[in-house]
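S.K.: This is a predicted model, with the sequence first.
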Amino acid sequence: MRDRKALLRLAFESTEHAQPPEHFNGSLTKLLQGVKQIGGQGVVAKRLDSRYEPRQRSESWSKMRINIGQEFVIGGFTLGSNGIDVLVVVYYKGRTLIYASRSTQLMTWAALFSEG
């Protein structure tokens with residue numbers, strides 16, 4: 001990881017929109033407070049002494065979510081005469097989808113795609 005970061009800094013020009021990642025060597029508590037303060041969702045980190053492992057999730061990576069909200073996904077829908085009639089909202093609990101709600105207060109396709 002250390003060698004790849006050095007090569008990246010040589011090949012990558014920083015802009016206001018993207019910068020090569022820097023190694024953070026400080027208090028995790030302060031880092032998480034800073035990320036939360038700017039409205040970030042969390043931190044993804046990799047051990048500095050780790051190796052590049054293409055297409056693999058290894059134990060070298062760590063992901064920490066800061067927000068404590070629940071993520072919901074559209075689990076299904078039914079079509080009505082004017083577009084989508086009902087959305088089924090679900091969430092993941094581990095690898096299982098759990099029913100959360102259904103919504104019938106939806107816009108029609110015509111209203112969704114009309115201009116004005």
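M.R.: Perfect, I can see it now.
S.K.: hey, which helix or strand in this protein has the poorest pLDDT?
M.R.: Of all helical and strand segments in the chain, the minimum by mean pLDDT, DSSP states H and E falls on helix 109-113, at a mean of 58.
S.K.: what about stretch 42-62, distance to the chain center?
M.R.: Remark: stretch 42-62 is offset 16 Å from the chain centroid, using Cα atoms, centre = their mean, to the nearest Å.
S.K.: what do you get for stretch 69-86?
M.R.: Distance of stretch 69-86 from the chain centroid (Cα atoms, centre = their mean) equals 21 Å.
S.K.: Helices of the protein, start to end?
M.R.: 2-11, 28-37, 109-113 (DSSP state H).
S.K.: middle-most residue in the protein, spatially?
M.R.: The centre of the chain sits closest to Gln41, judged by Cα atoms, centre = their mean, with a distance of 7.4 Å.
S.K.: What count of nearby residues applies to the closest residue to that residue other than its chain neighbours?
M.R.: Once flanking residues are discounted, Gln41 sits nearest to Asn67: 5.7 Å by Cβ to Cβ, 6 or more residues apart in numbering. All C-beta atoms are positioned from the backbone trio N, CA, C, and that covers glycine. Look at Asn67: counted by other Cβ atoms under 10 Å, it has 11 neighbours.
S.K.: Does Asn67 touch Val43 like I think?
M.R.: No: with contact defined as Cβ atoms under 8 Å, Asn67 does not reach Val43; the gap is 11.8 Å.
S.K.: mind checking how far Gly40 is from Gly75?
M.R.: Distance, Gly40 to Gly75, using Cβ to Cβ, to the nearest Å: 28 Å.
S.K.: Which one of the two is surrounded by more residues?
M.R.: Neighbours per residue (other Cβ under 10 Å) separate Gly40 from Gly75, with Gly75 holding more: 16 against 12.
S.K.: confidence score at Ser50?
M.R.: Ser50 is assigned a predicted lDDT (pLDDT) of 84.
S.K.: Just give the closest residue to it, not the sequence neighbours.
M.R.: Spatial nearest neighbour of Ser50, chain neighbours left out: Ser60 (3.5 Å); criterion: Cβ to Cβ, 6+ apart.
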